[in-house]
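# what shape does this take:
(one chain, ligands or ions: 2)
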Amino acid sequence: MKITSAEFVMSNSNVAKCPNEPLPEYAFIGRSNVGKSSLINMLTGRKSLAKTSGRPGKTQLINHFKINGNWFLVDLPGYGYARVSKKDKRTFQKYITEYFEKRKQLVCGFVLIDVRHEPQPIDLEFMEWLGENQIPFSIIFTKADKIKPAELDKKVNDYLQQLLEGSWEEVPPYFVTSSSKNWGKDELLSYINDINQDFFKANS
Ligand code: GTP
Ligand code: MG
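Ligands and ions are numbered 1, 2, ... in the order given. Predicted structure coming up:
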């Protein structure tokens, strides 16, 4: 799929006020600084469509970007930096969980994982929460350019293996990416295109 247009539509903390067109949308979620906004720029080929920063906590709202006039990419705030309740670790920012619970247009959540790191409890908890709520998701490993090619496969395989040893019976679809090197772009866009086609067929 070729991206011919990508436009910022709105920022919101209220799910009810997000765009109400019945178009398929894909949301990027993960810890702060993992590269969510950078990935949106990489996929769309627009350097500063989504705001990025070396300091965690840059994205603070639900941001909708309309792509090719008929689907949405959604940039969300990170969940590791902005407060997670100490009392109940499973409480993520309320409007993030609300977004995933209420957003009927969401066809796939992309959970971003920094490929350099060992599995982090907060990511595992979030994926478990998505699973319990039957929200479809895929994994995107980010920053693959930051480790040696020889280590990359092992890191990815170890991560997936740990999911299988935990509460998952099968691994979700996954992608290995680098926003600075454009790695994984074609694979992700083709995956999104397939889901879009199914969505449009089912809703025509
Ligand atoms: P928040 O909005 O704070 O939750 O962060 P975010 O997940 O949107 O991260 P962002 O895209 O702002 O990127 C954070 C930092 O990581 C920036 O300095 C990016 O340039 C850098 N970065 C993101 N993706 C990559 C990548 O694939 N490779 C490298 N080398 N750096 C990356
Ligand atoms: Mg961001």
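
# please pull out the lowest mean pLDDT helix or strand from the chain.
helix 94-102 (a mean of 90; mean pLDDT, DSSP states H and E).

# what residues sit buried inside the strand ranked longest in the chain?
Looking across the chain with DSSP state E, the single longest strand is strand 106-114. Under the neighbour-count criterion of 16 or more other Cβ atoms under 10 Å, strand 106-114 has L106, V107, C108, G109, F110, V111, L112, I113, D114 buried. Using the backbone N, CA and C atoms, a C-beta is placed for each residue, glycine as well.

# same check on stretch 38-50?
Buried residues in stretch 38-50 (16+ other Cβ under 10 Å): S38, L39, I40, N41, M42, L43, T44, R46, L49, A50.

# likewise stretch 51-62?
So stretch 51-62, judged by 16+ other Cβ under 10 Å, has buried residues T52, K58, T59, I62.

# if we ignore the residues flanking it in sequence, what's nearest the last one?
By that I understand I62. Counting by Cβ to Cβ, 6 or more residues apart in numbering, N12 is the residue found nearest to I62 once chain neighbours are left out, at 4.8 Å.

# from Q162, how far out is the one you found?
As judged by Cβ to Cβ, to the nearest Å, N12 and Q162 stand 35 Å apart.

# between the two, who's got more neighbours?
Legend: neighbour count by other Cβ atoms under 10 Å for N12 and Q162, higher for N12 (17 against 13).

# show me what contacts that one?
Contact partners of N12, counting by Cβ atoms under 8 Å, 6 or more residues apart in numbering, are C18, L61, I62, N63, H64.

# which of these are close to ligand 2?
Among the contacts of N12, no residue sits close to ligand 2 (Cβ under 5 Å from the ion).

# any chance of those residues in a markdown table, plus pLDDT, secondary structure and distance to E151?
Below are the contacts of N12 laid out as a markdown table (pLDDT from 0 to 100; DSSP: H, G, I helix; E, B strand; the rest coil; distance: Cβ to Cβ, whole Å):
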| residue | pLDDT | secondary structure | distance to E151 |
| --- | --- | --- | --- |
| C18 | 96 | coil | 39 |
| L61 | 89 | coil | 35 |
| I62 | 94 | strand | 35 |
| N63 | 96 | strand | 33 |
| H64 | 98 | strand | 36 |
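
# between these, which is closest to ligand 2?
N63 (8.4 Å; Cβ to the ion).

# helix, strand or coil: sort out V74 for me.
Following DSSP: H, G, I helix; E, B strand; the rest coil, we place V74 in the strand state.

# for burial, what's the neighbour tally of it?
That count, for V74 with other Cβ under 10 Å as the rule, works out to 25.

# what sits closest to it if chain neighbours are left out?
That would be A27: by Cβ to Cβ, 6+ apart, it lies 4.0 Å from V74.
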